[in-house]
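In: sequence isn't available, so here's the structure alone:
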């Protein structure tokens, strides 16, 4: 099997994996917009975990993030699976922006932590180091690798 054929098999898998992860993140943000405090019991505990300071952003802010992540998910899926000639240029462009944004969030989070920028809760800093930053970098790489040229 040629390298090109292998790439054509792997690329949709990478993009689809990223699209599913982005859709899950959109669903979590939508649930927060609807008033859920999962995975914590109070809004203040949730804010400490996911924002690093109180109060928790309101429903409008959470809805905007959910919509952006949903759009990113759809664009990533389309950019990695469209096979028609010319493909889906807008989806590829959006996927490029998504990859850059995820990489910037992940790498920027590491830089902010190393330089001690901002005043976040210790719980947020711990989760940011162990989960949020690696997740964002991984998603950025998956979206970029899954995007058809």
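Out: Received, thanks. It should be emphasised that the depicted structure is a prediction, and the values quoted were computed from it without experimental measurement. Numbers count the residues shown, from 1 in each chain.

In: pLDDT of the longest helix anywhere in the chain, averaged?
Out: Longest helix in the chain, counting residues (DSSP state H): helix 3-33. For helix 3-33, mean pLDDT is 89.

In: try stretch 68-78
Out: Here the average pLDDT along stretch 68-78 is 95.

In: can you list contacts of that stretch?
Out: 15-16, 18-20, 22-23, 25-26, 29, 88, 90-91, 94-95, 98, 143, 146-147 (Cβ atoms under 8 Å, 6 or more residues apart in numbering). Every residue, glycine included, has its C-beta placed from N, CA and C.

In: make it 6 Å
Out: 15, 18-19, 22-23, 25-26, 88, 91, 94-95, 98, 143 (Cβ atoms under 6 Å, 6 or more residues apart in numbering).

In: now do the buried residues in it.
Out: 68, 69, 70, 72, 73, 74, 75, 76, 77, 78 (16 or more other Cβ atoms under 10 Å).

In: the helix or strand that contains the third one relative to helix 3-33, how many degrees between them?
Out: Using DSSP states H and E, residue 70 maps to helix 59-81. With axes from the mean of the first three to the mean of the last three Cα atoms, to 10 degrees as the basis, helix 59-81 and helix 3-33 are set at 170 degrees to each other.

In: for the next helix or strand after helix 59-81, name the packing helices and strands.
Out: Following helix 59-81 in sequence order, the next helix or strand is helix 89-114 (DSSP H and E). Packing partners of helix 89-114 (3 or more Cβ pairs under 6 Å, 6 or more residues apart in numbering; DSSP states H and E): helix 59-81, helix 133-146.

In: same list (those helices) but as a markdown table, adding distance to residue 11.
Out: Shown next, in a markdown table, are the helices and strands packed on helix 89-114 (distance: least, Cβ to Cβ, whole Å):
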| stretch | distance to residue 11 |
| --- | --- |
| helix 59-81 | 6 |
| helix 133-146 | 5 |
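
In: residue 10: which of the ones you listed is closest?
Out: helix 133-146 (8.1 Å; Cβ to Cβ).

In: tell me the buried residues in the closest one?
Out: 133, 136, 137, 138, 139, 140, 141, 142, 143, 144, 145, 146.

In: give the contact list for the closest residue to the second one other than its chain neighbours.
Out: If I follow you right, that is residue 136. Leaving aside its sequence neighbours, residue 136 sits nearest to residue 106 (Cβ to Cβ, 6 or more residues apart in numbering; 3.4 Å). Residue 106 is in contact with 133, 136, 137, counting by Cβ under 6 Å, 6+ apart.
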